[in-house]
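Engineer: quick one, fold the following:
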Amino acid sequence: MANDVYTDSFETGFTFSGATDTSPAARPETPRAEPRAERPQTRAVPRDFGYEDEHPLLRVPFTLHVDGCRHDGDAVSVTHIHTHRNEGGTLGVGTKHLGLLHFAFENFAVTLHPQVTVLEERADGRCVFQFTDPVGEHLPQLRYILNNVIAGDFVTIGGLISYTGPTQPKRAKDEAAKPMSQRVRSIIVMILSALLILMAAYTVFKRYTTAYELHPIFIESSGQQMRATGAGQISYLNPQAKKGEVVYSINANTGDVLNFQMPCDCEVAVAKGISEGATVLPTDLILTIFVNRSEIGVQTLMSIEGLSRAMNGDQVHMDLNDGRSIPVRIVPNETTSAATMRGDLFVPVEVVPPAGALTEADIGKAARLRLSKSLPGAFGLTREASP
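Structural biologist: Here you go, the predicted structure:
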């Protein structure tokens, strides 16, 4: 037996097809065609919701009560209602009414109160209604019921109450245009976000390419250093010695007495912790001779890692406590080599600034040694030496 099929057509009316007897005797006489009344002008469906036949009409059991008239439901969609009038008279094509759309399910029923417009009333009792406001408050429940019918699911009261589907059409782009104040606010937020990103990237880049040495730098007068040539004990120390006189003597561990003469009539500064009776090791500083106090010398202790970076081409700057930053060169000496061979983590080095960068007024100031990679070096782009 064929399934019942519902066909919506305003030109041919409603037709139902099912299992019937097709013999000539059982075939009813074809009725004569009668002149059809002109179809009245109906209100057009809003453009936002398409055409009349765009939404599917579904056969769902329901009743519609409009102005005292009871209608049994034939089919319903989200825009139209097709019914068969059971009680009451005609309403008038084009009139608007508040309807009671009643769906009866197992153990519960749903009643909606949409406003409907009469599109067509026929002599056989069939009527066509259109929802005056298809996106009114009835739409969420109606859409839920129709979607479940299409999917073949059961309509439950829990799903009906908790339905969260769309209830309003999307606004047109011109209607959804943002006001100028909101656009300005969005632009400001974008600019601030970009600045924060740039600051964070700059901070990360500086941390990756820049390092500071732990030991501070003290700017002092440049002089000639006199150091111990062997391990032993200082037996004589005379900072006021004249040129050619013995300035200090060391009783070496080998049993020899080592005497050191004053090379000039100059100012002498004895190293800290040095006095008669003090024990010394080779290369220990005993005193410094200043020929000219205005000459400036800079020495510091530098880590092995920092010295390696400086020797491999990293840029070295001396940042003074007054805010100046002076590019300098790192010059290793014999003491540096000896400390490196002993495995010291920090070795003494000479820091050579450009001529005229430091003056006598800078003597006694402190500074920090800063190492930074160049931009090509930060990305590992080093220049190979030519053969």
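Engineer: ok, now which ones touch the closest residue to Asp72 other than its chain neighbours?
Structural biologist: Closest residue in space to Asp72, ignoring its immediate chain neighbours: His84 at 5.0 Å, by Cβ to Cβ, 6 or more residues apart in numbering. No exception for glycine: its C-beta is placed from N, CA and C like everyone else's. Counting by Cβ atoms under 8 Å, 6 or more residues apart in numbering, His84 makes contact with 71-72, 74, 125-127.
Engineer: what's the closest of the residues you listed to Ser374?
Structural biologist: Asp74 (83.7 Å; Cβ to Cβ).
Engineer: next one: phi and psi at that closest one?
Structural biologist: Here is the backbone geometry of Asp74 (degrees, to the nearest 10): phi -100, psi -50.
Engineer: apart from its neighbours in sequence, what residue is nearest it?
Structural biologist: Counting by Cβ to Cβ, 6+ apart, the residue nearest Asp74 is His82, at 4.4 Å.
Engineer: any idea how many residues pack against the one you found?
Structural biologist: 22 (other Cβ atoms under 10 Å).
Engineer: can you give me the end-to-end distance of stretch 327-336?
Structural biologist: Terminal residues of stretch 327-336 lie 21 Å apart, using Cα to Cα, to the nearest Å.
Engineer: give the buried residues for it.
Structural biologist: With burial defined by 16 or more other Cβ atoms under 10 Å, the residues of stretch 327-336 counted as buried are 328, 330, 332, 335-336.
Engineer: check stretch 187-194 too.
Structural biologist: Under 16+ other Cβ under 10 Å, stretch 187-194 has no buried positions.
Engineer: going forward can the numbers begin at 28, since that is how I track them
Structural biologist: Okay, using 28 as the starting number, the last item reads as stretch 214-221.
Engineer: about what we covered before: before we move on, what SS does the residue nearest to Asp99 have?
Structural biologist: Of the three states, His111 takes strand under DSSP: H, G, I helix; E, B strand; the rest coil.
Engineer: do Ala227 as well
Structural biologist: Per three-state DSSP, Ala227 ends up helix.
Engineer: wait, what's in contact with Ile277?
Structural biologist: Contacts of Ile277 by Cβ under 8 Å, 6+ apart are 255-257, 259-262, 284-285, 287, 307.
Engineer: could those residues go into TSV alongside neighbour count and secondary structure?
Structural biologist: Converted to TSV, these look like this (neighbours: other Cβ atoms under 10 Å; DSSP: H, G, I helix; E, B strand; the rest coil):
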residue	neighbour count	secondary structure
Ala255	21	coil
Thr256	15	coil
Gly257	15	coil
Gly259	21	strand
Gln260	14	strand
Ile261	20	strand
Ser262	14	strand
Val284	11	strand
Leu285	16	strand
Phe287	18	strand
Val307	22	strand
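Engineer: quick one, strands of the stretch 178-327 of the chain?
Structural biologist: Using DSSP state E, counting those that start in this stretch, the strands of the stretch 178-327 of the chain run over residues 237-239, 244-248, 251-254, 259-264, 273-279, 284-288, 294-297, 306-307, 312-317, 323-330.
Engineer: next, the angle from the longest one to strand 244-248.
Structural biologist: Same thing as strand 323-330. 150 degrees (axes from the mean of the first three to the mean of the last three Cα atoms, to 10 degrees).
Engineer: then the fifth one?
Structural biologist: Computed by the same axes, to 10 degrees, the angle separating strand 273-279 from strand 244-248 equals 130 degrees.
Engineer: strand 273-279: which residues count as buried?
Structural biologist: 274-279.
Engineer: mind checking how far that strand is from the chain centre?
Structural biologist: 70 Å (Cα atoms, centre = their mean, to the nearest Å).
Engineer: what do you get for the fourth one?
Structural biologist: Chain-centre distance of strand 259-264: 69 Å, with Cα atoms, centre = their mean.
Engineer: sheet-wise, list the partners of that strand with their directions.
Structural biologist: Sheet pairing of strand 259-264 (DSSP bridges) gives strand 273-279 (antiparallel), strand 306-307 (antiparallel).
Engineer: the last one now?
Structural biologist: When pairing is defined by DSSP bridges, strand 323-330 lines up against strand 244-248 (antiparallel), strand 373-379 (antiparallel).
Engineer: make CSV out of those and add distance to Met226 and mean pLDDT.
Structural biologist: Below are the strands paired with strand 323-330 laid out as CSV (distance: least, Cβ to Cβ, whole Å; pLDDT from 0 to 100):
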stretch, distance to Met226, mean pLDDT
strand 244-248, 30, 81
strand 373-379, 32, 88
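Engineer: can I get these in a markdown table with mean neighbour count?
Structural biologist: A markdown table is the format used below for the strands paired with strand 323-330 (neighbours: other Cβ atoms under 10 Å):
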| stretch | mean neighbour count |
| --- | --- |
| strand 244-248 | 18 |
| strand 373-379 | 19 |
